Each structure stands twice: as C-alpha cells, then as structure tokens.
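Novice: following is a predicted model, sequence given first.
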Amino acid sequence: MKEFGKTYKGLSVHSIMRNADLYAQDLLDHKALVFRGLHPKDQEFPELAKAISLFGPEVEMGFNCHEQDHNNMFDMNPEFSAWDSRDPETMLHDPKNPSSFEAGWHCDQAPQKKPTSVVGMYMHTFQIPKGVGNTVLMDLERIWHLFDKQNQKYLKTISFDHRYSGYQLPPDSDPTDGFHPAVRAHPVTSAPALYWSGGCCVPAGLNEEYELEMDNYGTCFTAAARADKDFEHFAETMMTLMGRGPELVEKWAGITNPEVVFTQEWEEGDVMIWDNRNTVHTFHGGWRLGERVFRKLELGCEPVKAAF
C-alpha cells in the first residue's frame, strides 16, 4: 500500500492535464493529492479534478462546485457567531492550542444511497497563519488492514447507519438509503476499506433499539459502544489506531498516528483532491469568517458495494 497523501510543488494546471493518467493513478494509490500554489482559474478546477479521477461502471457523473467557508457552522449554531481562536472569550476550543477545535469526522454525502466519489478543495483565500485551519484525512483502507481478526469478522456482518453524520436529508427520503456495508469495495480497485463516517455512525438499527442521542456526536458513539460489546471493541480499536489510546472520548481532536492520517496545512492557492470512497476527513478551527475561503467540489456518485 502506497503512502497516504502526496504533495506536489511547482506544477501548472496545463502540466497536470497533459499527464492526467499519471495523476489519476497517483490519486488511486495515495488517496489524496495536494498541488501547492496552483491557483486554477474558475473552470480549470473542476476540469482538473475530472481529468485525474477514475470511477467504477455504476457512477452517476455530475459535479457540484461552490464557494464555502463553513459559514453553515455559524448558521446552525448562533453561539458560533464570534468564532475566533485568537479571542479567549469567543473561541470554541483550548486557548493554548488555536487548532484544537475539530469538526466531526465525516465522509461527504455518506447518508445518500450513492455517496460522493471524489472531493476537491481550492483554497483561494487564506489569511491566517499556516498550521491553523488544517484539513485532516484518515485512510480507511489502511485502518481495515490494521484491524484484528475479531474486528474484521464483526465488520463483515454489519451495516453502518450514516443518517446522522452531519447532513440534513429530505424528510421524505428513505431512511435505509443511509445504511451501507461496514466494509466497502472500492469501485475501481475492489480493495476493501472500512466505510465509516464518524461518531454518529453506528450499527444500523442500534439507535432505534437503544434510543441513542443521535444528535450528540461523541455521546452517541460512546453510548453505542456501551450497548454493543462487539462495537465497543471496534470503537476502542479505532481510538487506539487513531493515536488516542483505547479510552472512549467525546472529543476527537488531536489524532496523532501518522500511519493513518494525512494533514494538509493550507497555503493560499493550494488545491487538494481526495478519494471520498475510502477516507474520512475533518478540519481544525482558528479563523474568522472570510479568512479561510475555498471552492468545494463534489464529483460523481456511486453505490456502496460490500467487499465480502
């Protein structure tokens, strides 16, 4: 298995497009590619992502490209209106560590019947110090291979409920659309990977059986683990592999294991494109609205097929 994440410097959009097949293979192998200081023009960004992305035979092509600065975090939570890591009166996290706020781990559009295949970010405005506002990815293919036999046997038998992993679904949507096999086969390589989208992603049916507090990220995960011994073993293993030790926690910031994570420290003009089919991601806080603004791209969608 190749190193998780790969960074390039000194390239142009033209040079990447000219060798698109090479970078498409790199994206499959490394799961995340960063192009430093690329500064693509508006239409170049989605064209670049499409050129270096590979899909399975059941893909529904299409893309959604839009401006984003996570202002939805402020809209959903009025108390976030003064989100500023440099002001101890208003920050959401440890004043001694400006990047300690961490959004929930998530996989884009996981509650959908056909989740997003490839995701891209173009950071066109970055007016904060490097190392603040990082995006962090976790390699779920590698995680799968690091699991012990007990975890692998258990995960082959279950589906996860992704409905509460940070996305609002239409009220008339089929609730089972967000039920996906816990071990997913990559639609291009067939490689198995854990398919899990964070702390509100628990075994299908468990939330109804135990009336879990699904809108509380860490509490839900911990309660599910206490209700199901096999899931508890999975949860403790996840915490250990992520570098936290086996204790169940309600905050997931500070993942330290370099074997399973890739951290993008943004600079203005950077582009990152990653495989949403075998990774999850999060971001760190530390900025005011308007200081960290990017174009977000979601490209293609594919069904989640069981690996076994």
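Specialist: It's in.

Novice: in the stretch 101-250 of the chain, where is pLDDT below threshold?
Specialist: 101-104, 164-171, 207-220, 243-250 (pLDDT under 70).

Novice: try 50
Specialist: Scanning the stretch 101-250 of the chain for pLDDT under 50 picks out 101, 214-215, 217, 250.

Novice: quick one: the strands in it, in order.
Specialist: 116-126, 135-139, 159-161, 179-181, 183-185, 192-194, 202-203 (DSSP state E, counting those that start in this stretch).

Novice: in JSON lines, list those strands along with mean neighbour count and distance to Thr279.
Specialist: Just so you know, the C-beta spots here come from the backbone N, C-alpha and C atoms, and that holds for glycine as well. What follows is the strands of the stretch 101-250 of the chain, written out as JSON lines (neighbours: other C-beta atoms under 10 Å; distance: least, C-beta to C-beta, whole Å):
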{"stretch": "strand 116-126", "mean neighbour count": "21", "distance to Thr279": "9"}
{"stretch": "strand 135-139", "mean neighbour count": "24", "distance to Thr279": "5"}
{"stretch": "strand 159-161", "mean neighbour count": "24", "distance to Thr279": "15"}
{"stretch": "strand 179-181", "mean neighbour count": "22", "distance to Thr279": "15"}
{"stretch": "strand 183-185", "mean neighbour count": "23", "distance to Thr279": "11"}
{"stretch": "strand 192-194", "mean neighbour count": "24", "distance to Thr279": "8"}
{"stretch": "strand 202-203", "mean neighbour count": "24", "distance to Thr279": "20"}
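
Novice: tell me which of these lies nearest to Gly285.
Specialist: Distance to Gly285, taken as C-beta to C-beta, is lowest for strand 135-139 among those, at 11.8 Å.

Novice: which other helices and strands does that closest one contact?
Specialist: strand 261-264, strand 279-283 (3 or more C-beta pairs under 8 Å, 6 or more residues apart in numbering; DSSP states H and E).

Novice: highest average neighbour count across those?
Specialist: Compared across the helices and strands packed on strand 135-139, strand 279-283 shows the largest average neighbour count, a mean of 23 (mean count of other C-beta atoms under 10 Å).

Novice: which other helices and strands does that one contact?
Specialist: Judged by 3+ C-beta pairs under 8 Å, 6+ apart, the packing partners of strand 279-283 are strand 135-139.

Novice: could you give the bridge partners of the closest residue to Val304 other than its chain neighbours?
Specialist: Once flanking residues are discounted, Val304 sits nearest to His180: 4.1 Å by C-beta to C-beta, 6 or more residues apart in numbering. With DSSP bridges applied, His180 shows beta-bridge pairing to Phe160.

Novice: contacting residues for His180?
Specialist: For His180, the contacting residues are 110, 115, 159-160, 162, 195, 304, by C-beta atoms under 8 Å, 6 or more residues apart in numbering.

Novice: my read is that Val280 contacts Cys107, right?
Specialist: Yes. Val280 lies in contact with Cys107 (C-beta atoms under 8 Å); the separation is 4.9 Å.

Novice: can you list residues touching both of the two?
Specialist: Both Val280 and Cys107 are in contact with 196-198, where contact means C-beta under 8 Å, 6+ apart.

Novice: between the residues you listed, which is nearest Phe55?
Specialist: Ser197 (20.1 Å).

Novice: and Lys41, how many neighbours?
Specialist: By the measure other C-beta atoms under 10 Å, the count of residues near Lys41 is 8.

Novice: same question for the one 5 residues further on.
Specialist: Other residues lying near Pro46 total 18 when counted by other C-beta under 10 Å.

Novice: report the separation between the residue nearest to Val304 and Phe126.
Specialist: Applying C-beta to C-beta, to the nearest Å, the value for His180 to Phe126 is 34 Å.

Novice: so Arg277 belongs to a strand, correct?
Specialist: No. Counting by DSSP: H, G, I helix; E, B strand; the rest coil, Arg277 falls outside a strand, being coil.
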